[in-house]
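Enquirer: Structure for this input, please:
(chains A and B, ligands or ions: 2)
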Amino acid sequence: MAITTSVHTQKDLLTHFQQLALQMLGSNGQQASRWATLRRAAIERLPAVRFPTRRDEDWKYTSVSAITNETWALGRAVPIAAEDLSRAFFDGLDALRIVFVNGIWQPELSTPLSEWPKGLTLQPLVEAVDRHGNEWVVQVLKQRLSHVNPFVTLNTALSQDGMLLQTAASACIDLPVHCVFIATEQDEPFVQAPQLFVDAHPNSKLTFIEHYLPQGTAAPRYFTCATTQVRVAANAEVHHYRLQREGAWGRQINYCAVTQARDSRYYSYATDLGGMLVRNNQDVILEASNTETFLNGVYLLGGEQHVDNQTFMDHAVPHCQSNELYKGIVMGKARGVFNGKVLVRPDAQKTNAFQQNSTLLLSPTAVMDAKPQLEIFADDVRCSHGATIGQLDENAIFYLRTRGLSEKEARKLLQFAFVAEVLDRMPDEPVRQAVCQLVQDKLDELS
Amino acid sequence: MLTIKNLHVSVEDKEILRGINLQVNAGEVHAIMGPNGSGKSTLANVLAGREDYEVTQGEVIFNGQDLLDMEVDERAHAGVFMAFQYPVEIPGVSMATFLKSAINAMRVVRGQEELGPAQMLKFIRERLRMLGMDESVLRRSLNEGFSGGEKKRNEMLQMALLEPTLAILDETDSGLDIDALRIVADAVNKLRSPERAFIIVTHYQRLLNYIVPDYVHVLYDGRIVRSGGKELALELEARGYDWIKEEVAAG
Ligand SMILES: Nc1ncnc2c1ncn2[C@@H]1O[C@H](COP(=O)(O)OP(=O)(O)OP(=O)(O)O)[C@@H](O)[C@H]1O
Ligand SMILES: [Mg+2]
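Expert: Ligands and ions are numbered 1, 2, ... in the order given. Predicted coordinates:
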């Protein structure tokens, strides 16, 4: 894939980003507010940002040159018709909708706030900070200023809109919240930097979906630099779907950080189907005992796609369970990366941590780099990890073909079965069915 | 229906079938017996289309078509079915999904309409009952964790659903208790018809009490060294294979 490169240095790019961010901040006219102060602090840090190279251990397998070589404009609010959204929504799924177009929140395409159920509130981050004085949001944004991942700083500086979702204590929210991030064609390549904060208060339950896709069949050139922050309070339960269907020219760097309080449950279901260059970081910090965490991931890659999944499970306290299962199929000249870090700190006795990454590598030019990293400093724990890279079982293909299935059908059936183990873990039936259909479509496209 | 002429087959340069000749007509049941390693499964697999085997000589004509020139699934579409000696376990593919895909794939090539979910379930249920199988198997992964006997019954279920014209049963009776054996034999007998033929590979004469063959062949060292009626099976049961081996050695 040829990328039209404008010759510029990283410093030029950062200066350019800084100018864009300052313009945006100026046009908001809120320089004096707490929100603006936080934003300004991030913007000021931009020149000091250093983009990672392959020499950085955490970026060994992923080059970000497809991002640093382009010149990016900011996403603009382009009008988009409601019917153009149909691709973004799932049959049979009754959900509360939050729609972003090119990184900008579109209240008129989203579920009106008046229709939100009791016990669940939605606030733009700027309001959460300036009007409601949300100290959690402020604290997270402050911590992000010195984050090791430079794209987190970039996200804070360039974000045009961010949302805070909050459950009330003991609220059980039956309707999932469906956050759609649509990218449309713009005359220049653009960056969108949405922010999502999810705060599940004690004993509450919430399901939310992050869904990234381009509009229609267009192939805009864009870069999604997204962050998600989730706080799961005591005995709360959060189900987090992430469905990534970025376009052929879409690049995405995604950072998701989760903190879990005692007795809480957090389940993530990540599906990566699209994108040209994608990097997902999923960090889970266990802050108190008796938590349960499931990280589920599926990736289907073909062509020259590059998708890198990094997970980090931080067991700092005793009696916590984590279970990680990432499975995917890599074809064509695509490259998949999985780096799963599990840290069991000295105090984290009775930890139960399981991790498995399995990949089908279906072409001689496809590549998979799998690196499970288990660091255990406690002695009374049960931890296991494994990584396998394999091919389809030719005996199974023969068996299916003797029953009349074509070779293509047989392979597709086996490929689907391989990832179905993960898809079957999705508890929301309409979401699971929609994702299964998209997986089938992608398998059709690749076979 | 099936004509095998001077079939020679090698695996990794080792000749396993060394000139097989066999004529199977519609309506007939042929039993193939023979010592371990004599090439019975090789013959069954070559007919079904497994690619690990190299046919070095000979031909196989099935209903006027060159069987060896056909793809594995084309053979299935033409009506060839092999019940595996060792059915493959396929985790993640549910029995329901698999059976539906197979039945509908077969219907499409036969110019029939695909079955809708209700008709499909009715059809599958009826055949499950015929094999004495519980409906709960439909939710399980194909053959995964099935006992030996369950796997064999599952092969017969597939045969009953796909309704082949030529069914090759490779040791379907091995590992079945007497009740299961009767159920399997009943299923085969129900499917027997003037249009269908069966090749039944077995080590045990017991099965042939229930499925009475028209011919019995002894496959030894890659050749059919003796053919006869159903009495041959009784003789083999009583005398073993040594006398045949001696006869072959004596030329
Ligand atoms: N894929 C293979 N690779 C190497 N050798 C093979 C292969 N398949 C079969 N053989 C050999 O071919 C010979 C015949 O095997 P085959 O399985 O056809 O025998 P069989 O008559 O079915 O025996 P049994 O009664 O034990 O099932 C054996 O020596 C076996 O080891
Ligand atoms: Mg055999």
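
Enquirer: Please identify which residue in chain A comes closest to ligand 1.
Expert: A:Asn395 (10.6 Å; CB to the nearest ligand atom). Every residue, glycine included, has its C-beta placed from N, CA and C.

Enquirer: Spatially central, which residue of chain A would that be?
Expert: A:Asn254 (5.0 Å; CA atoms, centre = their mean).

Enquirer: Am I right that that one falls within a strand?
Expert: Yes. A:Asn254 forms part of a strand when assessed by DSSP: H, G, I helix; E, B strand; the rest coil.

Enquirer: The residue of chain A closest to ligand 1 reaches B:Glu89, doesn't it?
Expert: No. A:Asn395 lies out of contact with B:Glu89 (CB atoms under 8 Å); the separation is 9.5 Å.

Enquirer: pretty sure A:Leu20 contacts A:Gly75?
Expert: No. Applying CB under 8 Å, one finds A:Leu20 not in contact with A:Gly75, separated by 10.5 Å.

Enquirer: Dihedrals phi and psi, the closest residue to A:Arg39 other than its chain neighbours?
Expert: Using CB to CB, 6 or more residues apart in numbering or on different chains and skipping residues adjacent in sequence, the residue nearest A:Arg39 is A:Leu25, 5.7 Å away. When read as degrees, to the nearest 10, the backbone of A:Leu25 gives phi -60, psi -40.

Enquirer: Roughly how far does A:Leu25 sit from A:Glu44?
Expert: Plainly put, A:Leu25 is 11 Å away from A:Glu44 if you go by CB to CB, to the nearest Å.

Enquirer: ok, those two, which is more surrounded?
Expert: A:Leu25 (18 against 14; other CB atoms under 10 Å in any protein chain shown).

Enquirer: Buried residues of stretch A:316-331, list them for me.
Expert: Of all the residues in stretch A:316-331, those buried under the rule 16 or more other CB atoms under 10 Å in any protein chain shown are A:316-331.

Enquirer: same check, this time on stretch B:169-180
Expert: Within stretch B:169-180, the residues scored as buried using 16+ other CB under 10 Å are B:169-174, B:176, B:180.

Enquirer: Check stretch B:219-227 too.
Expert: B:219-226.

Enquirer: With stretch A:52-66 instead?
Expert: Neighbour-count burial for stretch A:52-66 flags A:52, A:58-62, A:64, A:66 (criterion: 16+ other CB under 10 Å).

Enquirer: what do you get for stretch A:435-444?
Expert: Across stretch A:435-444, burial judged by 16+ other CB under 10 Å covers A:435-436, A:438-439, A:442-443.

Enquirer: ditto for stretch B:137-155
Expert: Counting neighbours by 16+ other CB under 10 Å, stretch B:137-155 gives B:137-138, B:141-143, B:146, B:149-155 as buried.

Enquirer: Which of the residues you listed fall within helices?
Expert: Assigned to helices by DSSP state H, the following of those qualify: B:149-155.

Enquirer: For the residues you listed, name the two members farthest from one another.
Expert: Based on CB to CB, the longest span within these runs between B:Gly149 and B:Glu155 and measures 10.8 Å.

Enquirer: was I right about the residue nearest to the centre of chain A contacting A:Thr224?
Expert: Yes. A:Asn254 lies in contact with A:Thr224 (CB under 8 Å); the separation is 7.3 Å.

Enquirer: pretty sure A:Ser63 is in contact with A:Phe51, am I right?
Expert: No. Between A:Ser63 and A:Phe51 there is no contact under CB under 8 Å: 10.0 Å.

Enquirer: What parts of chain B come near ligand 2?
Expert: Within chain B, the positions adjacent to ligand 2 are B:40-41, B:85 by CB under 5 Å from the ion.

Enquirer: do that again at 6 Å, thanks
Expert: Contact residues (CB under 6 Å from the ion) of chain B with ligand 2: B:40-41, B:85, B:170-171.

Enquirer: Sketch out the low-pLDDT regions of chain A for me.
Expert: By pLDDT under 70, the low-scoring segments of chain A are A:1-7, A:27-31.

Enquirer: now do chain B
Expert: Counting by pLDDT under 70, chain B contains no low-confidence range.

Enquirer: for it, what spans make up the helices?
Expert: Counting by DSSP H, the helices of chain B are B:40-48, B:72-78, B:95-109, B:117-130, B:148-162, B:178-191, B:205-210, B:230-239, B:242-250.

Enquirer: In space, what's closest to the residue in chain B that chain A sits nearest to - neighbours in sequence excluded?
Expert: Across chain B, the shortest distance to chain A (CB to the nearest CB) belongs to B:Gly92, at 3.0 Å. Spatial nearest neighbour of B:Gly92, chain neighbours left out: A:Ala417 (3.0 Å); criterion: CB to CB, 6+ apart.

Enquirer: about what we covered before: identify the contacts common to A:Leu25 and A:Glu44.
Expert: Both A:Leu25 and A:Glu44 lack any common contacting residue under the criterion CB atoms under 8 Å, 6 or more residues apart in numbering or on different chains.

Enquirer: hmm, back to that, need the buried residues of stretch B:137-155 in TSV with distance to chain A, can you?
Expert: As requested, the buried residues of stretch B:137-155 are exported to TSV (distance: CB to the nearest CB, whole Å):
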residue	distance to chain A
B:Val137	16
B:Leu138	15
B:Ser141	8
B:Leu142	8
B:Asn143	9
B:Phe146	13
B:Gly149	18
B:Glu150	16
B:Lys151	11
B:Lys152	14
B:Arg153	16
B:Asn154	11
B:Glu155	10
